[in-house]
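In: Sequence and predicted model, in that order:
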Amino acid sequence: MTKQRRWLVAVCVTANVVCASAEEPLRMTLQQIFATAETHNASILSFKTAMREADEGVAAARSARRPDLEATASVSYLGNVNIWDRPLKNRFTATTPHFGNNFAVMARQTVYSGGAITSGIRQAELGREMTAVEAEENRQRVRFLLTGHYLQLHNLHNQEEVFTQNIALTETLISQTRSRMEQGVALQNDVTRHELQLEQLRLGRARVQDAQRIISHQLTTAIGMDTSIVIRPDEDFRAELCPTNGEAAWQQLALSNSAALQKASLGTKMAEEKVQQERAERLPKVALVAEDHFDGPVTFEIPTLDKNINYWYVGVGVSYNFSSLWKRNSHLKQARTAVIHSHDRQREAREGVENAIQAAYTDYLTAFTELQTQQKSVELATQNYRIVENRYENGLALVTDMTDAANVKLDAELALVSACINVIYNYYQLKYLSNTL
């Protein structure tokens, strides 16, 4: 071995050791993944901020019931007063105190607004409920995404175990074939064919390992963890392989918890409150009012009095916008049409949920059928492999027959792993669609 090749081998070995130590797997269950996402996922944190914003919106709407209190103060320079006879003859100039001051305090408490304030508060509360539903919908979406990554990681890990088992089996077969070659009952070509198959298995395992690192990186990014951490699934899903609820139960669960239906229902309530608000615009407004003024000089006297005057009053104020009788009609009709449209969207959302659950439950049952088929395929492929292996050891089968049997067995085992995960995925899809993930 040349010096350059020895240096290259040393570098490769060092790199492998460093990578192995940097990628020490961290075993996590799916619930631990969810819990970590609750405090670190950017999308979930964004909706938590949106909820605080909605709370402030409700507080702002409720503040409309509080009294209005306003104070004004000003100082001014007053010019002299000019007086003319009619038509503009004989001007007379009256000297005026030049310093003017004004101070006023005004209070107003609305006692009747036709329901506009109450409707505004109710709309803000419905908006907060809508934000809460959207936050939960987003949480379910994030959890389903994490579930997909987690199950894919679980699938790849199981595939890696399948490759490892087949690699060990092939290595044993190579050792047996070499012993037979020494006895003169096998050829070097037989060993070469098995070694070629071994390299293909190692390549397949390496690809699966690389795919695990990719999915692990995506998973750690989604839950806000250090991307250098390699996550290893640590959960047994076999308990989920048995359907416990029929389609009717899933349909009822979805109708009770679906975010789409909750949003459609809240949309209808908000549209109804909009109708109430438009009606309030056509009603008079009543308020208690109080004002206190301190002004100077007294300018309504000629000549102007260089004195301060203080006056105040309390009373009831009534205001009515007569133009609303002909300007708000179209707005009211629009609001009523929006209510009808909201009811249509509710029916549409209900149909969408029912169709989605029916399709998902059908896929769930299909996944069970596929799983049973793949279990039988593995059983037959394993049986076929043993038969061919026995014939090969007795010189009654070619090395190509042995290779074909091993490939069929490998494909069947990998398909079984995917079928098992597919059942779990369809189960969690039902939970996601019913908003119970």
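Out: Great, that's in hand. A quick note: this is a predicted structure, and the numbers were derived from the prediction, not measured.
In: which secondary structure elements does the one helix or strand residue 330 maps to contact?
Out: Assigned by DSSP states H and E, residue 330 belongs to helix 329-393. Judged by 3 or more C-beta pairs under 8 Å, 6 or more residues apart in numbering; DSSP states H and E, helix 329-393 is in contact with helix 116-182, helix 247-257, helix 259-280, helix 399-433. In short, each C-beta sits where N, CA and C put it, glycine included.
In: To residue 91, which of those helices lies closest?
Out: Of all those, it is helix 116-182 that lies closest to residue 91, at 52.9 Å by C-beta to C-beta.
In: Grab the most central residue of this structure for me.
Out: Closest to where the C-alpha atoms of the chain average out (C-alpha atoms, centre = their mean) is residue 138, at 2.4 Å.
In: I'd say it and residue 43 touch.
Out: Yes: if you go by C-beta atoms under 8 Å, residue 138 and residue 43 touch, sitting 5.8 Å apart.
In: Mind checking the pLDDT average for the strand ranked longest in the chain?
Out: Determined from DSSP state E, the single longest strand within the chain is strand 99-112. Confidence for strand 99-112, expressed as mean pLDDT, is 90.
In: what does that strand rub up against?
Out: If you take C-beta atoms under 8 Å, 6 or more residues apart in numbering as the criterion, strand 99-112 is touched by 64-65, 67-78, 117, 284-297, 308, 317.
In: what's the angle between it and helix 259-280?
Out: Calculated by axes from the mean of the first three to the mean of the last three C-alpha atoms, to 10 degrees, strand 99-112 forms an angle of 120 degrees with helix 259-280.
In: List the neighbouring strands of strand 99-112 plus their orientation.
Out: The pairing partners recorded for strand 99-112 under DSSP bridges are strand 68-77 (antiparallel), strand 285-296 (antiparallel).
In: what's the offset of it from the middle of its chain?
Out: 49 Å (C-alpha atoms, centre = their mean, to the nearest Å).
In: just the strands paired with strand 99-112: most buried one?
Out: strand 285-296 (a mean of 16; mean count of other C-beta atoms under 10 Å).
In: Which SSE is immediately downstream of that one?
Out: strand 309-319.
In: partner strands of that following strand, parallel or antiparallel?
Out: Using DSSP bridges, the strands paired with strand 309-319 are strand 285-296 (antiparallel).
In: now the strand it pairs with against helix 116-182, angle please.
Out: 110 degrees.
In: neighbouring contacts of strand 285-296?
Out: By C-beta under 8 Å, 6+ apart, the list of residues contacting strand 285-296 from outside reads 100-114, 306-320.
In: Narrow those to those that are buried.
Out: Buried members of the contacts of strand 285-296, scored by 16 or more other C-beta atoms under 10 Å, are 100, 103, 107, 110, 113, 114.
In: Just to check, the last one is in contact with residue 278?
Out: No: taking contact to mean C-beta under 8 Å, the distance of 10.2 Å between residue 114 and residue 278 leaves them out of contact.
In: how deep is residue 282 tucked in, by neighbour count?
Out: The tally of other residues near residue 282 (other C-beta atoms under 10 Å) stands at 17.
In: mind listing what it touches?
Out: 114, 324, 325, 328, 332.
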